[in-house]
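Q: Task: produce atomic coordinates for the following.
(one chain, ligands or ions: 1)
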Amino acid sequence: MRPHAPETAPGRWEGVEERPYREEEGAHFRDVRRQLLFGEETGLPCELRYFEVGPGGHSALERHAHPHAVMVLRGMGRALVGESVFAVAPHDLVRVPPWTWHQFRAGAEAPLGFLCLVARERDRPVRPGPEELAELRRKPEVAEFIRT
Ligand code: MN
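A: Numbers count the residues shown, from 1 in each chain. Got it, this is the predicted structure:
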């Protein structure tokens, strides 16, 4: 690996390819691109990914045992973590603890791009079942926010 991978366009880097966000197709996410910026070649026990959610798009509503450490790089949007819905902007930090519901939504005008640090060895995300969705929707701002 070369030591330097310059940014070639906003949110694009030399030698870094785009990967499918999820293996499965579905309506539970919309217009999300994923790039692995730093993977196993580093020898570190973590991976740094860059996600870009297109205007009006959203990531999957999910939770899992592994935490996420997120820094927003570009655009504007909103996020759900647990029962909190909040606006996010470039350079904001978002902390997703283990087993906490989370979802990211881009605003209507611009993509939302963010870095996400995870453990290299991690469990698979799970999506809410009907009872968990009903529980989440008890809070009006969460009900308004989530896309499934
Ligand atoms: Mn996740």
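Q: What is the burial count for Pro98?
A: Applying the criterion other Cβ atoms under 10 Å, we find 11 residues in the vicinity of Pro98. The C-beta positions use only the backbone N, C-alpha and C, and glycine is treated the same way.
Q: Let the chain start at 31 from now.
A: Shifting the count to begin at 31 puts that one at Pro128.
Q: So it sits against His98, correct?
A: No. With contact taken as Cβ atoms under 8 Å, Pro128 and His98 are classed as non-touching, separated by 9.6 Å.
Q: Tell me the gap between the longest strand along the chain and the middle of its chain.
A: Among all segments of the chain classified by DSSP state E, the strand with the greatest residue count is strand 76-88. Offset of strand 76-88 from its chain centre (Cα atoms, centre = their mean, to the nearest Å): 5 Å.
Q: Flag every buried residue along it.
A: Of the residues in strand 76-88, those buried under the neighbour-count criterion (16 or more other Cβ atoms under 10 Å) are Glu77, Leu78, Arg79, Tyr80, Phe81, Glu82, Val83, Gly87, His88.
Q: Next: stretch 144-156.
A: Buried residues in stretch 144-156, defined by neighbour count with 16+ other Cβ under 10 Å: Phe144, Leu145, Cys146, Leu147, Val148.
Q: Just read off the phi/psi values of the third one.
A: According to degrees, to the nearest 10, the main-chain angles of Cys146 amount to phi -140, psi 120.
Q: how much space is there between it and Pro160?
A: Computed as Cβ to Cβ, to the nearest Å, the Cys146 to Pro160 distance reads 28 Å.
Q: other SSEs contacting the helix or strand bottoming out on mean pLDDT in the chain?
A: Each helix and strand of the chain was given a mean pLDDT (mean pLDDT, DSSP states H and E); the minimum falls on strand 48-49 at a mean of 88. The criterion is 3 or more Cβ pairs under 8 Å, 6 or more residues apart in numbering; DSSP states H and E, and the helices and strands that strand 48-49 contacts are strand 60-68.
Q: Name every strand pairing with the strand it packs on and say which way it goes.
A: Strand pairing for strand 60-68, using DSSP bridges, gives strand 48-49 (antiparallel), strand 76-88 (antiparallel).
Q: out of these, which comes closest to Met31?
A: The stretch from the strands paired with strand 60-68 with the least distance to Met31 (Cβ to Cβ) is strand 76-88; that distance is 13.9 Å.
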